[in-house]
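Student: could you look at this predicted model? Sequence included:
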Amino acid sequence: MLYVTFGAIIGLMLEVKPCLCTKTYQTKVSFWCKALSRVQGRGLLYILLGLVQLPQQSLLTWISGLSMIAVGIFSLVVANHAKKKLNRLHVALVAGHENDSAAITEAFRKFDTDNNNSLSQAELALVANDLGTHFEKNELTAIFSLLDSDRSGDISIQEFEAWWMGNKEVDYSVI
């Protein structure tokens, strides 16, 4: 029961970021538990915690366990859906310009509306909307976290270029 409670608290801290988990703690948890920095990893954690709850004899623990499993399955579905959307967005963005550095810079400058040489989460949403793709808030958060490989809070031209070029370091199959 202690493991489940501890895991649930960590999961809650990661999901309700502004209220319970500062950027410093998010970074520490992500460093020590790399899988928890991805929606799929958190989904698997919730399923595991739910399965640990099921052998208990109490109705409350059964309800808690089934709820955790449901949240875990939902997280896996969201991650898969976001991955497919990101793949479609990537194909639409780079069509015909796969290795064109001028096109990369032009696209980046077009969506860098505040001209600070980085893309915020809102600007990434503009990229998606301009290309006919809409991401839900949780999908956009997962994608932004994936593309922001240095965890600086924005997407630099180098991170954008790595995504554009299909760089193997940017593995968006693990959102």
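Tutor: That came through fine.
Student: helices and strands around the longest helix along the chain, which ones?
Tutor: In the chain, with assignment by DSSP state H, the single longest helix is helix 59-94. Contacting helix 59-94 under the criterion 3 or more C-beta pairs under 8 Å, 6 or more residues apart in numbering; DSSP states H and E are the following elements: helix 2-15, helix 39-53, helix 121-130, helix 137-147, helix 157-164. For every residue, glycine as well, the C-beta is placed using N, CA and C.
Student: check which residues of it are buried.
Tutor: 61, 64-65, 68-69, 71-72, 75-76, 78-79, 82-83, 85-86, 89-90, 93-94 (16 or more other C-beta atoms under 10 Å).
Student: to Asp114, which of the helices and strands packed on helix 59-94 lies closest?
Tutor: With C-beta to C-beta as the criterion, Asp114 lies closest to helix 121-130 of the helices and strands packed on helix 59-94, at 7.7 Å.
Student: for the protein, give me the ranges with low pLDDT.
Tutor: Low-confidence segments of the chain (pLDDT under 70): 1, 13-23, 26-27, 29-37, 93-100, 131-133, 166-175.
Student: and the residue most central in space within the chain, what is it in contact with?
Tutor: The centre of the chain sits closest to Ala142, judged by C-alpha atoms, centre = their mean, with a distance of 1.6 Å. By C-beta atoms under 8 Å, 6 or more residues apart in numbering, the residues touching Ala142 are 38-39, 78-79, 82, 175.
Student: can you redo these as a markdown table with distance to Ser120?
Tutor: Formatted as a markdown table, those follow (distance: C-beta to C-beta, whole Å):
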| residue | distance to Ser120 |
| --- | --- |
| Arg38 | 21 |
| Val39 | 20 |
| Val78 | 22 |
| Ala79 | 22 |
| Ala82 | 18 |
| Ile175 | 19 |
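Student: between the residues you listed, which is closest to Phe111?
Tutor: Among those, and counting by C-beta to C-beta, the member closest to Phe111 is Ala82, at 19.0 Å.
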